[in-house]
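*Asks:* whatever this is, show me its structure:
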Amino acid sequence: MRILIIEDDNEASEYLVKAFREQGHVAEHAADGLAGYGRASEGDYDVLIVDRMLPKMDGLSLISGLREQGVETPALILSALGQVDDRVKGLRAGGDDYLPKPYAFSELLARAEALARRRVGPKGEETQYRVGDLELDRLSHKVTVGGQDVALQPREFRLLEYLMKHAGQVVTRTMLLENVWDYHFDPQTNVIDVHISRLRSKIDKGRENPLLHTIRGAGYMIRDGAR
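*Replies:* This is a model prediction of the structure:
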């Protein structure tokens, strides 16, 4: 899953980001309501985890605004207010689930995974990609080659996911910087080359016809090398 955590408590947000990443998911953080609204509006997330009380824009206004904009990403509300009226307000604002504080991370994880499984994007977005014998499942965060599991780091998974989403198309360095690293400038580093090299060593090792190709002067492409 790709998760956006919108939480102004630094300690709590650091814990959640770390915990979700340890479970193999891609977790990102926004520290206030406006930042969270912007990222949720533009980003491709499977689940939003939204604190009810946020600076600059409260959690319910954030979710309501997203729904008015047509963003249907499932939203799980975290709140210290556990009264029935508060839960009802959260759900009526467009929230999909409501978890009172304090909570156990195991329950939060299970609820987030359940929301992701139920998700049907407005464009019928795929949750599984396949190129040749390479398969990626966005929700379970599982990658296999020829039926064998491949262990990827979160950034490697996100890179592969983006390449497979655009299989057969040239993906430029700028596209990768913006959509995989969230950079809107060129950091003048070889970070992409390093990650492409690591990814290639994991999915193309021993292959006569590689899947991952460098298109000189243009970018990268993933395609079924047997065709």
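*Asks:* distance check, His213 against Val171.
*Replies:* Distance, His213 to Val171, using C-beta to C-beta, to the nearest Å: 10 Å. Using the backbone N, CA and C atoms, a C-beta is placed for each residue, glycine as well.
*Asks:* check what pLDDT Ile3 gets.
*Replies:* Here the pLDDT value assigned to Ile3 is 91.
*Asks:* Validate this expectation: it resides in a strand.
*Replies:* Yes: counting by DSSP: H, G, I helix; E, B strand; the rest coil, Ile3 is part of a strand.
*Asks:* spell out which residues are contacts of both of His213 and Val171.
*Replies:* Residues touching both His213 and Val171 (C-beta atoms under 8 Å, 6 or more residues apart in numbering): 220-221.
*Asks:* buried ones in the worst-scoring helix or strand of the chain on mean pLDDT, by neighbour count?
*Replies:* Lowest mean confidence among the helices and strands of the chain (mean pLDDT, DSSP states H and E): helix 84-92, at a mean of 77. For helix 84-92, burial by neighbour count (16 or more other C-beta atoms under 10 Å) applies to 86-87, 89-90.
*Asks:* now stretch 193-203
*Replies:* Residues 195-196, 199-200, 202-203 are the ones in stretch 193-203 that count as buried (16+ other C-beta under 10 Å).
*Asks:* about what we covered before: between His213 and Val171, which one's more packed in?
*Replies:* Val171 (21 against 15; other C-beta atoms under 10 Å).
*Asks:* what segments of this structure are strands?
*Replies:* Taking DSSP state E, the strands of the chain run over residues 2-6, 26-30, 47-51, 75-79, 97-100, 128-131, 134-137, 142-145, 148-149, 212-215, 219-222.
*Asks:* how does this protein divide into domains?
*Replies:* For the chain, automatic domain parsing gives the domain ranges 2-118, 128-222.
*Asks:* quick one: end-to-end distance for the longest one.
*Replies:* For domain 2-118, the separation between the terminal residues is 14 Å (C-alpha to C-alpha, to the nearest Å).
*Asks:* kindly report the same for the shortest one.
*Replies:* The first and last residues of domain 128-222 sit 15 Å apart, counting by C-alpha to C-alpha.
*Asks:* quick one: average pLDDT of it?
*Replies:* pLDDT averaged over domain 128-222 gives 89.
*Asks:* state the distance from the nearest residue to Ala112 once chain neighbours are set aside to Leu34.
*Replies:* Leaving aside its sequence neighbours, Ala112 sits nearest to Val47 (C-beta to C-beta, 6 or more residues apart in numbering; 4.8 Å). Noted for Val47: a distance of 20 Å to Leu34, by C-beta to C-beta.
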